[in-house]
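A.B. asks: kindly return the folded structure for what I paste below:
(chains A and B)
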Number of protein chains: 2
Amino acid sequence: MAPTKAPDSSRRSDRSRRAIHDAALALVTEVGYRRTTIEGIAARAGVGKQTIYRWWPSKAAVLIDAFLDLAGRAAEEAGAGDTGESAPGIPDTGDLAADLKLVLRATVDELNDPALAAPTRALTAEGIVDAKLGAEFVHKLLDPQLALYVTRLRAAQEAGDVRADVDPRIALELLIGPLMHRWLLRTLPLTHAYADEIVDYAVGGLAPRT
Amino acid sequence: MAPTKAPDSSRRSDRSRRAIHDAALALVTEVGYRRTTIEGIAARAGVGKQTIYRWWPSKAAVLIDAFLDLAGRAAEEAGAGDTGESAPGIPDTGDLAADLKLVLRATVDELNDPALAAPTRALTAEGIVDAKLGAEFVHKLLDPQLALYVTRLRAAQEAGDVRADVDPRIALELLIGPLMHRWLLRTLPLTHAYADEIVDYAVGGLAPRT
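C.D. replies: The predicted structure is shown next:
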């Protein structure tokens, strides 16, 4: 749930929100999801816990906003020119493989960035054993990302680069699944070369049969 | 590490091992990896904790053996005719897609089986945040499974069903990655139809370009 706008969304309030986000991400990284508390976040952010309860209904809600904020900042730094909470779209240059490699290489960089990786691991791990929390994160954080792949793959179908009988919602998992699996389980290094290979194999399997 | 064989590997000793495995899996499911202790496993299995320390050097070692035992029993029940700890190979009927569908459908069934799913989730979640534990499980439990895919994909290359320039170790992640991603994150139901679709898309991308 997005934080309720305070009556005067002043710079001080923005600073408090940012401090709360950072404290929440730092705590979940250090002690895990279960031992992160609203009290702990408040103490670390230097705010009263009532400030947090006024803006967010739960610890999970704080963390979801913290992740959206973090992802927004990462996109901003990457020069995506999107400073809001919505994820930047996947480019459409007409070259499906090239567009997907660009996006998957950026995903590799994000997953390898310790600032993003550690809290993402902590949250993902908790979502794996806590179905309710997992569903909330998938709905709020992952699904909007996956929707961008569906859009790009549909455009590729219209352009004739992907077969009409391919289900884009399934096809995108050929791209995302291998990356996340390798990253989560640390089976082998997650590199740009790996992302490129996955795209080449997957796109070949989705292309029209000649 | 495999348990050291007791001097007389009697039926009673086998029963104790089995009881310890079952207790370890039940505990990790109920309270998570971190709160599972050798003492807790011993109490639940009705053995002295020295019995456990005599056979295993650590809690992780007990759990790895417990998983190998569980997987062996599951394979036995599935009529794979393999009662040992080695994983059954992937069949080679000459039809790569059919062989992979068979194996991936069985994987779907295993992942959807609560007896296997709950402890697997607990262990995977812990391995995601604890790199050392994660590496141990990948090495002992996952890599032997992945090696079977490499073998089958190499045979397919020799048969001309997969391009010679495909790296089997990467290609197998197009199959395993989507299944595990969907299962771990519970994005959508994990079904036989999904496994079939993933195989069809992936195999198409690995096939020789005509």
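A.B. asks: hey, where'd the helices end up in chain A?
C.D. replies: Secondary structure of chain A (DSSP state H): helices at A:11-31, A:38-45, A:49-55, A:59-77, A:96-112, A:114-129, A:131-137, A:143-158, A:168-185, A:192-206.
A.B. asks: could you give the angle of the fifth one to helix A:59-77?
C.D. replies: In terms of direction (axes from the mean of the first three to the mean of the last three Cα atoms, to 10 degrees), helix A:96-112 departs from helix A:59-77 by 120 degrees.
A.B. asks: and the helices of chain A, which one is worst for confidence?
C.D. replies: Ranked by mean pLDDT, the helices of chain A bottom out at helix A:59-77, with a mean of 83.
A.B. asks: is any residue of it near chain B?
C.D. replies: No - shown here: helix A:59-77 not in contact with chain B (Cβ under 8 Å from any Cβ of the partner chain), separated by at least 14.5 Å. For the C-beta atoms, the positions are set from N, CA and C on the backbone; glycine is no exception.
A.B. asks: which other helices and strands contact that helix?
C.D. replies: helix A:11-31, helix A:38-45, helix A:114-129, helix A:131-137 (3 or more Cβ pairs under 8 Å, 6 or more residues apart in numbering or on different chains; DSSP states H and E).
A.B. asks: nearest to B:Arg152, of those?
C.D. replies: helix A:114-129 (28.2 Å; Cβ to Cβ).
A.B. asks: run the chain-centre distance for that closest one.
C.D. replies: Computed by Cα atoms, centre = their mean, to the nearest Å, the separation of helix A:114-129 from the middle of its chain amounts to 11 Å.
A.B. asks: can you give me the buried ones in that helix?
C.D. replies: Residues of helix A:114-129 classed as buried: A:116, A:118-129 (neighbour count, 16 or more other Cβ atoms under 10 Å in any protein chain shown).
A.B. asks: just the helices of chain A: most buried one?
C.D. replies: helix A:168-185 (a mean of 22; mean count of other Cβ atoms under 10 Å in any protein chain shown).
A.B. asks: and that one, what other elements does it pack with?
C.D. replies: Looks like helix A:168-185 contacts helix A:96-112, helix A:143-158, helix A:192-206, helix B:114-129, helix B:168-185, helix B:192-206 (3+ Cβ pairs under 8 Å, 6+ apart).
A.B. asks: let's see it at 10 Å
C.D. replies: For helix A:168-185, the packing partners by 3 or more Cβ pairs under 10 Å, 6 or more residues apart in numbering or on different chains; DSSP states H and E come out as helix A:96-112, helix A:114-129, helix A:143-158, helix A:192-206, helix B:114-129, helix B:131-137, helix B:168-185, helix B:192-206.
A.B. asks: does the third one reach chain B?
C.D. replies: Right, the one you point to is helix A:143-158. Yes - judged by Cβ under 10 Å from any Cβ of the partner chain, helix A:143-158 and chain B are in contact via A:Asp143, A:Leu146.
A.B. asks: and for whatever residue of chain A ends up closest to chain B, nearest residue in space, chain neighbours not counted?
C.D. replies: For chain A and chain B, the shortest gap (Cβ to the nearest Cβ) falls at A:Gly205, measuring 2.7 Å. The shortest distance from A:Gly205 to any residue other than its chain neighbours is 2.7 Å, reached at B:Gly205 (Cβ to Cβ, 6 or more residues apart in numbering or on different chains).
A.B. asks: one more: A:Val150?
C.D. replies: Leaving aside its chain neighbours, A:Val150 sits nearest to A:Pro168 (4.6 Å; criterion: Cβ to Cβ, 6+ apart).
A.B. asks: how about A:Thr29?
C.D. replies: In space, and not counting its chain neighbours, A:Thr29 is closest to A:Ala118: 4.1 Å by Cβ to Cβ, 6+ apart.
A.B. asks: my guess is that neighbour contacts B:Val129, does it?
C.D. replies: Yes - with contact defined as Cβ atoms under 10 Å, A:Ala118 counts as touching B:Val129 (8.7 Å).
A.B. asks: any shared contact partners between those two?
C.D. replies: Shared contacts of A:Ala118 and B:Val129 (Cβ atoms under 10 Å, 6 or more residues apart in numbering or on different chains): A:Thr29.
A.B. asks: redo the helices and strands packed on helix A:59-77 as CSV? Include distance to B:Pro189.
C.D. replies: As requested, the helices and strands packed on helix A:59-77 are exported to CSV (distance: least, Cβ to Cβ, whole Å):
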stretch, distance to B:Pro189
helix A:11-31, 29
helix A:38-45, 34
helix A:114-129, 16
helix A:131-137, 13
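A.B. asks: how does chain A divide up, domain by domain?
C.D. replies: What automatic domain parsing lists as the domains of chain A is A:1-66, A:89-206.
A.B. asks: so how far is the longest one from its chain's centroid?
C.D. replies: What it means is domain A:89-206. On Cα atoms, centre = their mean, the centre of domain A:89-206 falls 10 Å from that of its chain.
A.B. asks: before we move on, what about the shortest one?
C.D. replies: How far domain A:1-66 lies from its chain's middle: 19 Å, per Cα atoms, centre = their mean.
A.B. asks: if we can go back for a sec, closest one to B:Ala61 among the helices of chain A?
C.D. replies: Of the helices of chain A, nearest to B:Ala61 by Cβ to Cβ is helix A:168-185, at 19.3 Å.
A.B. asks: tell me the contacts of the closest residue to A:Asp113 other than its chain neighbours?
C.D. replies: Leaving aside its sequence neighbours, A:Asp113 sits nearest to A:Ala74 (Cβ to Cβ, 6+ apart; 7.5 Å). With contact taken as Cβ under 10 Å, 6+ apart, A:Ala74 is in contact with A:Ala80, A:Ala106, A:Asp109, A:Glu110, A:Asp113, A:Ala115, A:Leu116.
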